[in-house]
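Visitor: sequence and predicted structure, then a few things I'm wondering about:
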Amino acid sequence: MNALFQAWGVRKTFGEFVAVNDVEMTLEKGVLTSIIGPNGAGKTTLINLFTGKLPCDSGRLDFDGTEITGLAPHQRVRLGVSRSFQITNVFQQMTVAENLQLPVLARLGRAGRPFARPDRDPDVRGEVESLLADIGLGKARDVRAKALPHGDQRLLEIGMAIACRPRLCFLDEPCSGMNPGERAQVQELVRKLTKMRDVTFVIVEHDMDVVFALSDRVIVMHQGNVLTEGNPDAIRNDARVKEIYLGEEVGA
Amino acid sequence: MDGWTTLTKTRLETRLALAAGAALAVALLAIPLFGDYVIWLTANMLILALFAVGFNLLFSFTGLLSFGQAAYFAIGGYVCAKILLAVPSLLLGIVGGLLAAGVAALIIGFLCVRHTEIYFAMLTLAFGMMVHSIIWKWRSVTGGDDGLVGVPRAPLEIPGVLSVDMADLDRYYYFVLVLVSLGIYAIWRVVRSPLGLTLQSIRDSESRVTFSGLSVRKYRLIAFTIAGLASGLAGALMVPLGRSASPAIANWTFSAEPVIATLLGGAFTFAGPIVGAFLFYIIKEIVVIFTGYWMMTLGIIVVALVLGFRGGVVSVVQRHLLPLLARRRNDTGERR
Amino acid sequence: MTFDALVYQGLIGVSLAMYLWLLAAGLTIAFGVLGVVNFAHGSLYMLGGYFAFTYYLTLEINFWLSLLLAALSGAAIGSIMERFFLRYIYHLDLAYQILLTFGFVLIFADAARIFWGGIPLIPPMPEVFDSTVRIVGRPFPVYNLFVIFVGIAASALLWLLLDKTSWGETVRASASDREMAGALGVNIPRLFTVVFSFAAMLAAFSGALGTPVRAMTPGIGTSVIIDVFIVTVIGGLGNLPGAFVGALIIGLMKAYGVLLFPDADLFMTYLIMALVLLFRPKGLLGGR
């Protein structure tokens, strides 16, 4: 039992609308967690709050024993919390390799060097190559991100998230817009990365096959609250969960 | 966004760029053969080129439109003037102006980079005009609306190493050429460096940069300071040229010159502002021969550029001339 | 400063504020509805002033009619700017709108030189206003009182227009949600032209209003725009009541500044703007 990330009393409202309502959550190291829930449950808002994209109205966030509630997003990334975005957020005008250069440079503390050459730095090159190999985009290294097919863009998105060597990585709907073959690819990738790079993934996903195939633990959200949590089988058979997904298929 | 300066160019483009660069270098070195007027004109073009390249680092590579760059140009110029009026050392004057502008940019930039877009543009405008009003009113120090005159074009002296007299316009022109080239080269290196990559990334996707672990605000400030240094150097170089400093160089309408030059030449390329600076002066000089109304001409050109040619002259060349000349690398990295 | 001077300068300040208010109202409305910041707004003020000169002095038209015609001329120019130029770049970066309108600043500055020459035009005071009134024991120009009156009347009319008419409702709806308004059947392109022309009209009217007291030069466009920006920013970009408050603050600051710190009065206005932007970027009354 190793609490990597803890949240207490986290709340966020937009005017009158309560997006996240006094959520308490513990994320453990090495436990691949999925957060599921119908649209509007507050999942993406929660990720935004955890990663610092939005400030909490109230509540406390701890990462690995350190309080991070007031920290800016880039500071959280430096501590080891990263994320991928639901809508692909990569540098469209740059090539795949150039995209990965930036987080690597940032991690090495070399992003501010005014006169070096990033492509001539062996450390940077080495890490970029290793990332390309891991996400399987080695052949596409000189392709501009905007020219990539959708599935490859999502892979690059994940690549960007792990390039900063996070210990905790939130993936916001990594499989969105993908065909079954691509989804299998993502599953494989997440499993591989969990093992090889010692990352704890927390995934927000709608695709139940992926959720139940990958997760060690599932948290269900509904209307800004945590409804329940447990291992995949327990969740799959939970009547309340089925109810809130009225009409949606909850796994096999 | 139109165009993008990438680190990968077609071979033809690189060859052309080198050829053009060589031709340009020869032309610039030969300028003093053409008499004082041409020398003076070219020196001004070079100074504007440096000014514009600095502005473009901020605008195209970081995505910040500043209408207040004249403030740093003026600070560089006036500090240089004050130093030269006290101590006849060109080196001290230039370095002093450069540093003063850099410090000013650091301070003002710190206050401005917390905001973006329209608020940023307005803040830079406000601070720019604040500097202008200080210069205008502080007669005892800056000469007020009369400016500072009789600024000596002091000799370039490094004790024990060299002593070059600058009274000759030719000599001073070469000095300007060397320093402008160094300044532009320095910014070129920055653009190709990790820092440059970071700045360009900020323009592409701020949130992605943040979530790569970098403080966008800090890098904006760095870009702002570099632009300020470039502006300050340009200003410091201009003062000994005409041997005077006037408050006009602090006015926001002067801030518009690098903006227009950049737009004219092509905003999203490195060479654009340089090309634009030369064109700016050529247009101004030609128009003045026929009518006095160069402002209106420039205004019409600006409107036309914004409506139809946002990539400026360089993009017209890239898009229409180059494909006629050779094959290109397309987006997937293959040769056609 | 004595109480008398306080009141006297205060009134001067309020009359100054009225010019700024008309300008700022136009800029704010244009920004609120179109999302455009018009750098040429000050140039429209200048053109309004020049037109008024021509109508009143050269063509010897009645003063009131001259004011009206000048305002309408400004509206016409504004509509051309919007319809044939601005309309094509709404989808682009804000920077391009700024650049385009700046191009017009250059064009208008030289246009003024071409048509009216570069020398300042001397203010002609209409006879009906050519007198003073005793306020706190000193002679106060009647025209300044007239300007204050016009400013208040304009505010009332503006409020009526925006709050009580269906056109006003359409404008306010479009300002808060353009897409929704379009979906509800509002002819957005035409509305934009009308609103922009209306803003231009206010600017030109402000310039025309100033002709009896202020010499007109082609350079006035570029200095006035700075003042308007300051006023708008202090009040909050897009906030109409805020623009009124901002105009009052700056107008009073200019009037008192001339007495209290004559060398730093310009500097003070920029400083205020910078301070507001630093600590309350949404303006004193909030904005967009």
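Guide: Cool, got the structure.

Visitor: only C-alpha atoms for contact and neighbour calcs from this point on.
Guide: Noted.

Visitor: return the residues in contact with the spatially closest residue to residue B:63 that is not a sequence neighbour.
Guide: Setting aside the residues directly before and after it, residue B:63 is nearest to residue B:203 in space (C-alpha to C-alpha, 6 or more residues apart in numbering or on different chains), at 5.1 Å. Listed by C-alpha atoms under 8 Å, 6 or more residues apart in numbering or on different chains, the contact partners of residue B:203 are B:60-63.

Visitor: and for residue C:86?
Guide: Taking C-alpha under 8 Å, 6+ apart as the test, what residue C:86 contacts is C:97, C:100.

Visitor: what pLDDT does it get?
Guide: Residue C:86 is assigned 91 on the pLDDT scale.

Visitor: interface residues of the stretch 51-200 of chain A facing chain B?
Guide: Residues of the stretch 51-200 of chain A lying close to chain B by C-alpha under 8 Å from any C-alpha of the partner chain are A:73-78, A:82-83, A:89-94, A:102-103, A:105-107, A:110-118, A:142-144, A:147, A:160-161, A:164.

Visitor: ok, 6 Å please
Guide: Residues of the stretch 51-200 of chain A lying close to chain B (C-alpha under 6 Å from any C-alpha of the partner chain) are A:74, A:77-78, A:91, A:103, A:111-118, A:142-143.

Visitor: quick one, strands of the chain?
Guide: Here I'm looking at chain A. For chain A, strands defined by DSSP state E occupy the ranges A:3-14, A:17-28, A:33-36, A:58-63, A:66-67, A:81-84, A:168-172, A:200-204, A:217-222, A:225-230.

Visitor: was after chain C, sorry
Guide: Using DSSP E, strands in chain C cover C:132-135, C:138-141.

Visitor: tell me what the first one is packed against?
Guide: To tie it back to what came earlier, the one meant is strand C:132-135. strand C:138-141 (3 or more C-alpha pairs under 6 Å, 6 or more residues apart in numbering or on different chains; DSSP states H and E).

Visitor: strand partners of the strand it packs on, parallel vs antiparallel please.
Guide: Here strand C:138-141 is paired, per DSSP bridges, with strand C:132-135 (antiparallel).

Visitor: against which helices or strands is the longest helix along chain C packed?
Guide: Longest helix in chain C, counting residues (DSSP state H): helix C:3-34. Helix C:3-34 sits against helix C:142-164, helix C:188-209, helix C:240-260, with contacts defined as 3+ C-alpha pairs under 6 Å, 6+ apart.

Visitor: shaky segments in the stretch 51-200 of chain C?
Guide: Within the stretch 51-200 of chain C, the segments meeting pLDDT under 70 span C:178.

Visitor: by proximity to chain A, which residue of the stretch 51-200 of chain C wins?
Guide: Closest to chain A within the stretch 51-200 of chain C is residue C:176: 16.1 Å, counting by C-alpha to the nearest C-alpha.

Visitor: now do the contacts for that residue.
Guide: If you count contacts by C-alpha atoms under 6 Å, 6 or more residues apart in numbering or on different chains, residue C:176 has none.

Visitor: in chain B, which helix is the longest?
Guide: Under DSSP H, chain B gives helix B:216-242 as its longest helix.

Visitor: need the residues that contact the helix or strand that comes right after that helix.
Guide: From helix B:216-242 onward toward the C-terminus, using DSSP states H and E, the following helix or strand is strand B:244-245. Contact partners of strand B:244-245, identified using C-alpha under 6 Å, 6+ apart, comprise B:147-149, B:151, B:239.

Visitor: in helices, which of those residues fall?
Guide: Using DSSP H, the contacts of strand B:244-245 in helices are residue B:239.

Visitor: need the contacts of strand B:244-245 in CSV (columns: pLDDT, distance to chain C and neighbour count).
Guide: Shown next, in CSV, are the contacts of strand B:244-245 (pLDDT from 0 to 100; distance: C-alpha to the nearest C-alpha, whole Å; neighbours: other C-alpha atoms under 10 Å in any protein chain shown):
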residue, pLDDT, distance to chain C, neighbour count
B:147, 89, 16, 17
B:148, 90, 19, 21
B:149, 89, 22, 15
B:151, 88, 26, 21
B:239, 94, 25, 27
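
Visitor: so which of the contacts of strand B:244-245 is the closest to residue C:36?
Guide: Within those, the smallest distance to residue C:36 is 36.3 Å, found for residue B:147 (C-alpha to C-alpha).

Visitor: how about the nearest residue to that closest one, chain neighbours excluded?
Guide: Leaving aside its chain neighbours, residue B:147 sits nearest to residue B:246 (4.3 Å; criterion: C-alpha to C-alpha, 6+ apart).

Visitor: what distance do you get for the one you found to residue B:150?
Guide: For residue B:246, the distance to residue B:150 equals 12 Å [C-alpha to C-alpha, to the nearest Å].

Visitor: who's more crowded, these two?
Guide: More crowded of residue B:246 and residue B:150, by other C-alpha atoms under 10 Å in any protein chain shown: residue B:246, with 20 against 13.

Visitor: any idea of the pLDDT on the more buried one?
Guide: 91.

Visitor: kindly provide the distance from it to chain C.
Guide: Distance, residue B:246 to chain C, by C-alpha to the nearest C-alpha, to the nearest Å: 17 Å.

Visitor: residue C:105 touches residue C:40, doesn't it?
Guide: Yes. Shown here, residue C:105 and residue C:40 form a contact pair, counting by C-alpha atoms under 6 Å, at 4.9 Å.

Visitor: average pLDDT for stretch C:7-27?
Guide: Mean predicted confidence for stretch C:7-27 is 92.

Visitor: re earlier: return every residue with contacts to both of residue B:246 and residue B:150.
Guide: The contact lists of residue B:246 and residue B:150 share no entry, where a contact means C-alpha under 6 Å, 6+ apart.

Visitor: which of the three states applies to the most centrally placed residue in chain B?
Guide: What sits nearest the mean C-alpha location of chain B, by C-alpha atoms, centre = their mean, is residue B:51, with 1.7 Å. Put simply, residue B:51 is helix when judged by DSSP: H, G, I helix; E, B strand; the rest coil.
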